[in-house]
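>>> coords please:
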Amino acid sequence: MASVTNNALNREIGELKTRMDSTETRLERMEVKIDTLVETIAMSRGSLKTLLAIGSVVAAITAGITSLITWALGRH
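Residues are numbered from 1 along each chain as shown. Below you'll find the model as predicted:
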């Protein structure tokens, strides 16, 4: 009877090891995906700041040109 219990126990341990290996593999894949996501977010933050800076400069130039045109036309 002890051998049956040991066989059952060994089988369950084997199943747990297999599940643990599968879980570790999934975790490693998730870590890679999370690292990629973090890199993408970091790059998009830089891109957004650059886009906002360019937009601000363009808006300032446009406002200046518009102000000069209205001044030149005497509509101030």
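
>>> What pLDDT is listed against the residue sitting nearest the centre point of the chain?
Centroid check for the chain by CA atoms, centre = their mean gives residue 37 as the closest residue, at 2.7 Å. The score at residue 37 is 89. That number is its pLDDT.

>>> ditto for the one 3 residues further on
The pLDDT attached to residue 40 in the predicted structure is 87.

>>> Give me the distance from the strand or helix carrying the residue nearest to the centre of the chain to the chain's centre.
Assessed by DSSP states H and E, residue 37 sits inside helix 2-72. How far helix 2-72 lies from its chain's middle: 2 Å, per CA atoms, centre = their mean, to the nearest Å.

>>> Could you check how far the residue nearest to the centre of the chain is from residue 14?
Using CB to CB, to the nearest Å, residue 37 is found at 35 Å from residue 14. The C-beta positions use only the backbone N, C-alpha and C, and glycine is treated the same way.

>>> and what of residue 58?
Distance of residue 58 to residue 14, computed by CB to CB: 66 Å.

>>> do residue 40 as well
Separation of residue 40 from residue 14 (CB to CB): 40 Å.

>>> again, but for residue 28
Using CB to CB, residue 28 is found at 21 Å from residue 14.

>>> Residue 35 too?
Relative to residue 14, residue 35 is positioned 32 Å away (criterion: CB to CB).
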